[in-house]
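Novice: any chance you could fold what I've pasted below:
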Amino acid sequence: MGCLDENLLFELTIGQLDGAALTEAELHLDGCERCRRAVAEALRTSEAAAPPPPPLVRRGSAIGRY
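Specialist: A predicted model of the protein is given here:
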């Protein structure tokens, strides 16, 4: 397997790879510094661009009329 392409990197960073594709990507990352850095950078930038999670609502809290 060659280096991970942009689509595989994207799917990996958002958790959409599974099964054989995920195993293959993980094995590749074990031996490829370049791809490990690309995944790390993608995760770093995706977390920075993501909106903050909504505040947690406690059990029993009133929400609107409910």
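Novice: and D30, how far is that from R36?
Specialist: Here the distance between D30 and R36 works out to 9 Å (CB to CB, to the nearest Å). Placement of C-beta: from N, CA and C, glycine included.
Novice: looking at these two, which is more packed in?
Specialist: Counting neighbours by other CB atoms under 10 Å for D30 and for R36 shows that R36 has the greater number, 14 against 9.
Novice: excluding its backbone neighbours, what's nearest that one?
Specialist: L29 (5.3 Å; CB to CB, 6 or more residues apart in numbering).
Novice: and if you look at E11?
Specialist: Leaving aside its sequence neighbours, E11 sits nearest to L17 (CB to CB, 6+ apart; 4.9 Å).
Novice: grab the longest helix from this protein for me.
Specialist: Under DSSP state H, the helix in the chain containing the largest number of residues is helix 33-49.
Novice: show me which positions of the helix or strand of the chain with the lowest mean pLDDT end up buried.
Specialist: Across the helices and strands of the chain, mean confidence by mean pLDDT, DSSP states H and E is lowest for helix 33-49: a mean of 83. Burial within helix 33-49, assessed by neighbour count using 16 or more other CB atoms under 10 Å, is assigned to 35, 38-39, 42.
Novice: what about this protein, any weak spots by pLDDT?
Specialist: Low-confidence regions of the chain, defined by pLDDT under 70, span residues 1, 47-52, 66.
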